[in-house]
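Asker: Sequence and predicted structure below; questions after.
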Amino acid sequence: MGLDNKAAGDPRRLFVFNGGFFTRPRLRRILELAGWAPRLGLPGPGDHVGLWGNSPTAWRGRAVAARRGARLLHVEDAFLRSVLPGRVRGPVGRRGPVGLILDPVGLHFDPETPSLIETLVREPATADLHDAARTGIARLIAADLSKYNAHLPGLAPPPSGHVLVIDQTRGDASLLGAGRAEFLAMLSAARDENPGLPLVIRTHPETAAGLRPGHFTAADLRPGETICDTALSPWRLLRSAARVYAWSSQLGYEAILAGHRPRIFGRPFYAGWGLSEDEHRFPRRGPAPVEALFAASHLRAPVWYDPCLDRLTDFDGAMNQIEAEARAWRQDRDGHLAYGIRLWKRPLVARFFGSGKGVRFTARPRPEVTLAWANRADAVRSALRVEDGFVRSRGLGAALVPPLSLVADDLGIYYDPSRESRFERLMAEPLPPGGRDRALALARMLTEAGITKYNLAGPPPDLPPGQRILVPGQVEDDASIRLGAGAERTNLALLERVRAENPEAVLVYKPHPDVEAGLRPGLIAEPDLRRLADVTARNVGADALMAQVDEVWTMTSTLGFEALLRGLPVTTLGAPFYAGWGLTRDLGPVPARRQARVDLPALIHGALIAYPRYFDPQTGLPCPPETAVARLTDPEFGTRAGPAIRLLAKAQGALSSYAWLWRR
């Protein structure tokens, strides 16, 4: 949606008679951002009364609206909601929805009167809108996202060719009074129409969690029939199904999106458009393409919300947020035992990986460790290896500034070319739907804002004319040098190699910020700098320098990746994560297994979207990379640590020769 209060105009008064409008903060906030002001009292003829779906309290609002001549606004969760159902206890369950359907026309699950979705389906649509719908459907399926998203990718689906019968919670408003007898009749029809095929009953997530009863029990099963109440993705369940039977469940709609023609026994919003086999007639509805239905239900009708940036967004923005939250929950749900985490990082790691049962820490490499800082992970090989991501912070890690992104690699780690990493696997996979456009948009955000890994400011020096080569210095005991460098393993050797191969070029040497700060080793003696470099760019922002040079030579520096984003040629002397894919001139020992040839959007997507995890310190939520970039471009946002950490950082600088004190 991309709107805010000002764009929506003066807030409209919304009189409500359901306490949830006041006790659910995110619900109220979305309404406010959409231009509504929930309040108590009696409405006037020009006002609206807000109803939560067809809840038990909705009759009060209808009665007041009828007496006072007010209009109705029907409020419901959108079809992409959260990781866990709202009734699940714990912080993840209490997060609330990322979208609402605010319907001034009617209720989408009540076919007796028109609704906003029904109205939008019947409206003419542009080719661009249908293209966006096709991409949205493909992206939703590829990302494994549904209304609730506590799916576990490792679960095996039922045998291919099964008949899927979808259960719902008893008393759900969309059932319009249907109960167990009607669901048993649907089950009988599925059996009668598919003799000999295995049958699977899908339990609603709230029933599986013990929150609300469904209509089927194990006693209803016949031989060869099963109940699926695991955290299996609905898209994987649909992929292996031969036929689908539903009453009014959203899963019946998703069956249509997945290419099925389901048998529908109720009267949901998605029936009557020629996309399903319907038990009922819908006189107002007629044939419509699936793109028109999806455009109405997911792109146009909902009001989508970005909980990190506290603003309205669009469907893609909501997808980005839920994808980040679901990924974090799937990785963290069982909790972690972490090893090799420095003391000052432990609170950050506990928050970053706290989307499940929490993080505990140990000083010993125990077999049950599931998380380890990458340079300590060899002692616990089955653990996820953790390291800083590529869009890190506004300040140095060695200065104890916490990161906005971390990677958690289950195979290796990106800077170690001696073994395969998850990043390399991602490079061999095709981009997901919409991935190319998203990667390019993210790259534009980064380059236009001048964002690099540490985002340190400083004006660039005047550079002499000629072929300018930027040579970034590195921390010489850094793991990427120890594991990924070639013949040149020091900054002096790097500078000597570049000068030897480019005797006439203007060499611009940029010392590493940690080295400049006296926190890590890697200084080059002044006589050698004067002999080899034309310019030594001290305390200068990397982005400003890259805007003035023609190419970059590096051992394994992340600055080489940032140069690729800005269209600069890059020569590598080692084997950084971005080498070996056909985008750089590689003079170092790049692993032969890097056979995939990718373009720049694929590299960007892998390095900045698919591989790292991001955490928003302002809200405490997992977030997409776009949110991290927004934080770094906000001058009022600070990622610096508190007073105790700043004091520790100063002590660290004074005791830099005793680095073991803070690296344990």
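Answerer: Yep, that arrived.

Asker: Around the closest residue to Ala493 other than its chain neighbours, how many other residues sit close by?
Answerer: Nearest residue to Ala493, sequence neighbours excluded (Cβ to Cβ, 6 or more residues apart in numbering): Ala487, at 7.6 Å. Where you see a C-beta, it was placed from the backbone N, CA and C, and this is true even at glycine. The local packing of Ala487 (other Cβ atoms under 10 Å) involves 12 other residues.

Asker: can you confirm Ala487 is in a helix?
Answerer: No: Ala487: not assigned to a helix; according to DSSP: H, G, I helix; E, B strand; the rest coil it is coil.

Asker: need the contact list for it.
Answerer: By Cβ atoms under 8 Å, 6 or more residues apart in numbering, Ala487 lies in contact with Ala493, Arg497, Leu573, Gly588.

Asker: who wins for most neighbours among those?
Answerer: Most neighbours among the contacts of Ala487, by other Cβ under 10 Å: Leu573, with 24 neighbours.

Asker: Dihedrals phi and psi, that one?
Answerer: Leu573 adopts backbone torsions of phi -100, psi -10, taken as degrees, to the nearest 10.

Asker: Next up, the contacts around it.
Answerer: Contacts of Leu573 by Cβ under 8 Å, 6+ apart are Ala485, Gly486, Ala487, Glu488, Leu494, Arg497, Trp553, Thr554, Met555, Leu587, Gly588.

Asker: Report the buried members of those residues.
Answerer: Neighbour counting by 16 or more other Cβ atoms under 10 Å classes Ala485, Gly486, Glu488, Leu494, Arg497, Trp553, Thr554, Met555, Leu587, Gly588 among these as buried.

Asker: For the helix or strand harbouring the fifth one, buried residues please.
Answerer: What that stands for is Arg497. Here Arg497 sits within helix 491-501, counting by DSSP states H and E. For helix 491-501, a neighbour-count test (16+ other Cβ under 10 Å) marks Asn491, Leu492, Ala493, Leu494, Leu495, Arg497, Val498, Arg499 as buried.

Asker: Repeat that for stretch 138-150.
Answerer: Neighbour-count burial for stretch 138-150 [16+ other Cβ under 10 Å]: Arg139, Leu140, Ile141, Ala143, Asp144, Leu145, Ser146, Lys147, Tyr148, Asn149, Ala150.

Asker: thinking again about what came up before, how about the contacts of Ala487, which pair is most distant?
Answerer: Pairwise distances across the contacts of Ala487 (Cβ to Cβ) peak at 12.4 Å, for the pair Ala493 and Gly588.

Asker: what packs against the helix holding Arg497?
Answerer: Using 3 or more Cβ pairs under 8 Å, 6 or more residues apart in numbering; DSSP states H and E, the elements in contact with helix 491-501 are strand 468-472, strand 506-510, helix 526-532, strand 551-554.

Asker: still on that earlier bit, separation between the residue nearest to Ala493 and Arg419?
Answerer: Ala487 sits at a distance of 21 Å from Arg419 (criterion: Cβ to Cβ, to the nearest Å).

Asker: what do you get for Gln331?
Answerer: Distance, Gln331 to Arg419, using Cβ to Cβ: 20 Å.

Asker: repeat for Ala328
Answerer: Relative to Arg419, and taking Cβ to Cβ, Ala328 is found at 25 Å.

Asker: So between the two, which is more surrounded?
Answerer: Ala328 (24 against 12).

Asker: Give me the distance from whichever strand or helix holds the more buried one to the chain's centre.
Answerer: Ala328 belongs to helix 315-332 when assigned by DSSP H and E. Centroid separation for helix 315-332 versus its chain: 4 Å, with Cα atoms, centre = their mean, to the nearest Å.

Asker: Also stretch 311-328?
Answerer: With Cα atoms, centre = their mean as the basis, the mean position of stretch 311-328 lies at 6 Å from the chain mean.

Asker: same thing with stretch 612-625?
Answerer: Worked out by Cα atoms, centre = their mean, stretch 612-625 lies 9 Å from the chain centre.

Asker: For it, buried residues please.
Answerer: Those would be Pro612, Arg613, Tyr614, Phe615, Asp616, Pro617, Leu621, Pro622, Cys623, Pro624, Pro625, for stretch 612-625 by 16+ other Cβ under 10 Å.

Asker: what ranges do the helices span in the stretch 151-300 of the chain?
Answerer: Here the stretch 151-300 of the chain has its helices, by DSSP state H, counting those that start in this stretch, at 180-193, 205-208, 234-239, 250-257, 290-294.

Asker: Make CSV from those and add mean neighbour count, mean pLDDT and distance to Pro365 to it.
Answerer: As requested, these are exported to CSV (neighbours: other Cβ atoms under 10 Å; pLDDT from 0 to 100; distance: least, Cβ to Cβ, whole Å):
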stretch, mean neighbour count, mean pLDDT, distance to Pro365
helix 180-193, 15, 98, 52
helix 205-208, 20, 95, 36
helix 234-239, 21, 96, 35
helix 250-257, 24, 98, 44
helix 290-294, 21, 98, 49
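
Asker: sorry, back to before: so which of the contacts of Leu573 would you say is closest to Arg381?
Answerer: Ala485 (23.4 Å).

Asker: wouldn't the closest one be in contact with Thr556 here?
Answerer: Yes: with contact defined as Cβ atoms under 8 Å, Ala485 reaches Thr556; the gap is 6.0 Å.

Asker: Next, show the common contact partners of the two.
Answerer: Residues touching both Ala485 and Thr556 (Cβ under 8 Å, 6+ apart) are Gly574, Ala575.

Asker: Ala533 versus the residue of the chain positioned farthest from its centre, what's the distance?
Answerer: For the chain, the residue at maximal distance from the C-alpha centroid (Cα atoms, centre = their mean) is Pro527, at 48.8 Å. Per Cβ to Cβ, Pro527 is found 11 Å from Ala533.

Asker: who touches both of those two?
Answerer: Joint contacts of Pro527 and Ala533 (Cβ under 8 Å, 6+ apart) do not exist.

Asker: now the strands: where do they sit in the stretch 351-500 of the chain?
Answerer: Using DSSP state E, counting those that start in this stretch, the strands assigned to the stretch 351-500 of the chain run over residues 359-362, 371-373, 384-388, 405-409, 468-472.
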